[in-house]
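In: Got a predicted structure plus its sequence, pasted below:
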Amino acid sequence: MSLSTIELPRAGAVPPKALRQVQSAMKRDGAVVLDGLFPPALLKKLSAEVRRRHGSGQLRERGLVRDIAGRYAAVLPFEGPFLDSRFYANPALHKMLAALLGSDYRISSLETVIASPGAYEQHQHIDGPIRFDVSLGKSKKAYHGDLSGLPPYAVTLCVPLCDVAEDNGPTAIWAGSHRTALNAKPPSEACIRRDYREEHVVGRLGRAFFFDYRVFHCGMPNMTPEVRPVLMFVFTRAWFRDQNLCDVYPRVVISKRNLSRVPRRYKDLFLLAPSSRRPLWD
Ligand SMILES: [Fe+2]
């Protein structure tokens, strides 16, 4: 794997040089690997909570998508270990996200994707492009300006909740392909495979990675007898809304009671949760 890897020596400490590395890696590759972002004990608790909810069947029952090539995705509530500020407002994570999205970014969603044994290769895709097409009558014209250098507006932190190797379903990322996602004519899968190098993010529990919403990626097969759970923690600029979740309610799940426990300085992270909203009409 030749994606840039940032070693985070201890929670909260991200020297300016490392922040510049995160920015430049995301600009170049649309992805960057992070080692040591979360304390191991916290990761074990997050993993146990996801496995408990998976084991009870409630996640599959509430799945956003119940079968993506043998894997499913479900929204997770901010409860239990997910309510630990070392997770949702991790100081190192905050510094890096602010460097990518501006300091007023929001939590867009927290999901888990669970690849069952036998899950096969997912189709190559991007998570959410933006389009500037103009329609008039039956004609639709794409925007032909150069959007390849647009900074990120939505970034996913993928946190595997187990060791990931080539045989249990790593994420494949076509490094640098994010620059083409907003082309007037989006590239074909064959072009992406031809023009960009394919990277598989493997590593021990404790390794996480950022990827830009526009980078082409897919989940690889899980050929082991164990499930492979990951977290997909999505952050966006304050103005961006993920169209993939427009029919999902709530997209950020935190009860009023739990939100009241969130320190004031972190509350804006949850502005997309219904419990943050001020009701004007009953
Ligand atoms: Fe995806």
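Out: Yep, that arrived.

In: ok, then the element right after the lengthiest helix in the chain?
Out: Selection of the longest helix in the chain by residue count, based on DSSP state H, yields helix 40-55. Following helix 40-55 in sequence order, the next helix or strand is helix 58-61 (DSSP states H and E).

In: Identify all contacting residues around that following helix.
Out: 50, 53-54, 66, 72, 74, 76, 112, 114 (C-beta atoms under 8 Å, 6 or more residues apart in numbering). C-beta: built from backbone N, CA, C; applies to glycine.

In: Most widely separated two among these?
Out: Taking C-beta to C-beta as the measure, these span a maximum distance of 16.4 Å, between Val50 and Arg66.

In: And the two? Which one has more around it.
Out: Val50 (22 against 13; other C-beta atoms under 10 Å).

In: what are the phi and psi angles of the residue lying closest to Arg204 once chain neighbours are set aside?
Out: Nearest non-adjacent residue to Arg204, counting by C-beta to C-beta, 6 or more residues apart in numbering: Asp163, 5.0 Å away. Taking degrees, to the nearest 10, you get phi -70, psi 140 for the backbone angles of Asp163.

In: Hmm, Gly203 and Asp163 touching each other?
Out: Yes - Asp163 lies in contact with Gly203 (C-beta atoms under 8 Å); the separation is 7.4 Å.

In: For Phe78, give me its contacts.
Out: So Phe78 contacts 88, 110, 252-254, 258, 270 (C-beta under 8 Å, 6+ apart).

In: and which of those residues is nearest to Arg264?
Out: Looking across the contacts of Phe78 and measuring by C-beta to C-beta, the closest to Arg264 is Phe270, at 11.6 Å.

In: Report pLDDT for the closest one.
Out: According to the prediction, Phe270 has pLDDT 98.

In: cool, Gly12 as well?
Out: 68.

In: Averaged pLDDT, stretch 60-80. What do you get?
Out: Mean predicted confidence for stretch 60-80 is 91.

In: residue ranges of the strands in the stretch 151-282 of the chain, please?
Out: 154-160, 171-174, 198-201, 207-212, 217-219, 228-236 (DSSP state E, counting those that start in this stretch).

In: That's all I had, so thanks and see you.
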